[in-house]
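In: Got a sequence here, can you model it:
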Amino acid sequence: MPEVTLGIEQLVAAPPPQLKGARLGLLCNSASVDHHLAHARHLVHDCFGTQLVQLFSPQHGLFAERQDNMIESEHRRDPWLNIPVHSLYSETRMPTEAMLAPIDVLLVDLQDVGTRVYTFIYTLSYCMEAARLFGKKIVVLDRPNPIGGRAVEGNLLEPAWSSFVGRYAMPMRHGMTIGELALMFNGAFGIGCDLDVIPLQGWRREMHFHETGLPWVAPSPNLPNPVSALVYPGQVIWEGTNVSEGRGTTQPFELFGAPFLNPDAILRHLEGSVLPGMVLRPMEFLPTAHKWQGRVCHGFQIHVTDPVRFRPYKTSLALLQAILRHHPEAFEWKQPPYEYEFERLPIDLILGDQAIRTHLCAMMPIDDLERSWQDGLNAFEALRRDYLLY
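Out: Residues are numbered from 1 along each chain as shown. Model (predicted):
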């Protein structure tokens, strides 16, 4: 099995000369580990000693211990290194001048999951903006995109629907590593900070996570395995509805359903649809938390049979449209708040464009919906080529 060398591993094997004597911060969480599951903060400390003076954590906390959106994590001290940990999912999502004052360089080692709505990439973007404002340097330690670097899918976010689950005109599945995204944020989207990326070695764009030889550590509580990350670009849409996305079970995002859902009707509706690379297995589950806690939900598990052909966004939009058609009385859109937005519907923020919801409700065929955003997707593919490292 091919092995991939991570940015953090490259950093400590050959420390860049420009970091000599620099005061360092590190943005990380529990998934920031190397091949041997050694954590990035220990690796950086072992390499640079007391140069590492501060840590920063994204949504869900340093140990990915916080479950849901708008569940903030507190500022704290690291229990091993006894240095400050500033939460960037607290009263602020952008580092303040005071937070950055003790450091010269912010190292960023976060496992992104390849989906526009995943907030880690926007925490990175806010750190880059703060670095530009306060004269600091950003060094991104690259990690693989766990769902591959070739496929892109979905409509581009419309600027009117920007939020903390979507800041830039990107599709739902962007097909880039976090280092490549940093370069695109800095160039195409105009942040303009002092930025370096320490790239991966051995990663190829067609790789899915199971091909990298790396251990999976959940970057957030409800992405427990690489399959949950693979279905996430589509299954995340249930967060904007009263359909359970499987939170409160051991297989979040792979499972979905609701007490009112009729699996047979959904399967009949989808007959003839081209939804490759997966099988829908009808089932029941009982969430122990979150939506429909303690109620039996009828629904499905998505079994991905061909990760290359699987289209997560198209699949979940087709499922949502089937539920809209067959359960109009029981189905509901989730109401705000959602990720610090108190007025706009969560589904519109997740989909990145209110028009997508309108078209789904009007029963526009999913293939026609895909064709409607293809020009934007082609433009994004052309844009991203300038920032691809692999």
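In: What residues sit buried inside stretch 38-53?
Out: Within stretch 38-53, the residues that count as buried by 16 or more other CB atoms under 10 Å are 39-41, 43-45, 47-48, 51-53. Using the backbone N, CA and C atoms, a C-beta is placed for each residue, glycine as well.
In: start to end distance for it?
Out: Criterion CA to CA, to the nearest Å; first-to-last residue distance in stretch 38-53 is 19 Å.
In: one step back: select from the buried residues of stretch 38-53 every entry located in strands.
Out: Of these, the ones assigned to strands by DSSP state E are 52-53.
In: Could you let me know which of the buried residues of stretch 38-53 ends up closest to A258?
Out: H39 (38.5 Å; CB to CB).
In: surely that closest one meets V33?
Out: Yes - taking contacts as CB atoms under 8 Å, H39 lies within contact range of V33: 5.5 Å.
In: Could you tell me how far the closest residue to H45 other than its chain neighbours is located from L43?
Out: Closest residue to H45 in three dimensions, ignoring its sequence neighbours and counting by CB to CB, 6 or more residues apart in numbering: L52, at 5.0 Å. For L52, the distance to L43 (CB to CB, to the nearest Å) stands at 10 Å.
In: still on that earlier bit, help me confirm that the residue nearest to H45 comes into contact with L26.
Out: Yes - in this structure, L52 is within contact of L26 by CB under 8 Å, at 6.4 Å.
In: Find residues that contact each of these two.
Out: Residues touching both L52 and L26 (CB atoms under 8 Å, 6 or more residues apart in numbering) are 41, 44.
In: Tell me which helix or strand in this structure has the weakest average pLDDT.
Out: Every helix and strand of the chain was ranked by mean pLDDT, DSSP states H and E. The lowest is strand 76-77, at a mean of 95.
In: Just list what that strand packs against, helices and strands only.
Out: Contacts defined by 3 or more CB pairs under 8 Å, 6 or more residues apart in numbering; DSSP states H and E place strand 76-77 against strand 84-87.
In: ok, back up a step: what residues does the least confident helix or strand of the chain touch?
Out: By CB under 8 Å, 6+ apart, strand 76-77 touches 62, 83-85, 87.
In: tell me the centre residue of the protein?
Out: Centroid-nearest residue in the chain, with CA atoms, centre = their mean: Y118, separated by 2.8 Å.
In: Okay, and the beta partners of the residue nearest to H45?
Out: Following DSSP bridges, L52 is listed with bridge partners L24.
In: Roughly how far does it sit from G294?
Out: For L52, the distance to G294 equals 45 Å [CB to CB].
In: same question, W373
Out: Taken as CB to CB, the span from W373 to G294 is 39 Å.
In: Mind checking which of the two has more residues around it?
Out: W373 (19 against 9; other CB atoms under 10 Å).
In: which SSE is the more buried one in?
Out: Element membership of W373, judged by DSSP states H and E, is helix 366-384.
In: Check what contacts stretch 360-367 and list those residues.
Out: Residues contacting stretch 360-367 (CB under 8 Å, 6+ apart): 273-274, 314, 317-318, 320-321, 324-325, 369.
In: Among the residues you listed, which are located in helices?
Out: 314, 317-318, 320-321, 324-325, 369 (DSSP state H).
In: now for these, which pair is the farthest apart?
Out: Using CB to CB, the pair of the ones in helices among the contacts of stretch 360-367 lying farthest apart is K314 and R325, separated by 16.6 Å.
In: between those two, who's got more neighbours?
Out: Just comparing K314 and R325: by other CB under 10 Å the higher neighbour count belongs to K314, 22 against 15.
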